[in-house]
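S.K.: below: sequence and its predicted model.
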Amino acid sequence: MISGFLIRLRAGERLYLAPRDHVAGLLITDAAHQYQDDRGRPLVLRDLGPLLDRCSTPSPGRRHTLTVVLRRRSIGLRVDRADDLAHGHALETTALPPLIARRQANPWCIGVAAIEDQPVLVLDLRRIAADVALGAV
């Protein structure tokens, strides 16, 4: 079971969830502009959709950017839309079974939840941001 508040992310045609405590801030960004984090360092921007689904194409223009603060860098993961789940919305989440967790190409999914009877992946945004910072993706 994954505890804590979740945020809903729309990247391309897909819906994802992520723990709210992985996100330090939410910005509305434009790809043509350079942004800085709270420490004055350049914010590394990456589109989350193509990282998770190679067929996903980012929409042009302004998008929501989730800021994930790491020790030495801040990473901005861009999505089409990000919002908190409605208060009082009971959502049961389950951690991935070890067999499935070990089979992931990138260990970015930490669980699954059901929204309107559809399975939705719960992402580990800190791990994704760390891989982006290391240049692994």
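M.R.: Thanks, I have the structure now. Computed from a prediction, not measured in an experiment: that's the story for all the values here.
S.K.: other residues contacting stretch 23-30?
M.R.: The contact list for stretch 23-30, computed with CB atoms under 8 Å, 6 or more residues apart in numbering, reads 7, 35, 45, 61-69, 74, 76, 78, 82, 125. To be clear about C-beta, it is placed using only N, CA and C from the backbone, and glycine gets the same treatment.
S.K.: for Ile75, list the residues it contacts.
M.R.: 43-46, 67-68, 129, 132-133.
S.K.: if we go to 6 Å?
M.R.: Listed by CB atoms under 6 Å, 6 or more residues apart in numbering, the contact set of Ile75 reads 44, 68, 129, 132-133.
S.K.: select only the buried ones of these in PyMOL?
M.R.: Here is the PyMOL command that selects only those of the contacts of Ile75 that count as buried (16 or more other CB atoms under 10 Å):
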select buried, resi 44+68+129+132+133
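S.K.: in helices, which of the contacts of stretch 23-30 appear?
M.R.: Cross-referencing the contacts of stretch 23-30 against helices under DSSP state H gives Leu125.
S.K.: poorly predicted segments of this structure, please.
M.R.: Low-confidence regions of the chain, defined here as pLDDT under 70, cover residues 1-4, 85-90.
S.K.: just the helices from it, written as ranges.
M.R.: Secondary structure of the chain (DSSP H): helices at 48-52, 98-102, 125-134.
S.K.: ranking those by burial, who's on top?
M.R.: Across these, averaging neighbours per residue (mean count of other CB atoms under 10 Å) puts helix 48-52 on top, at a mean of 22.
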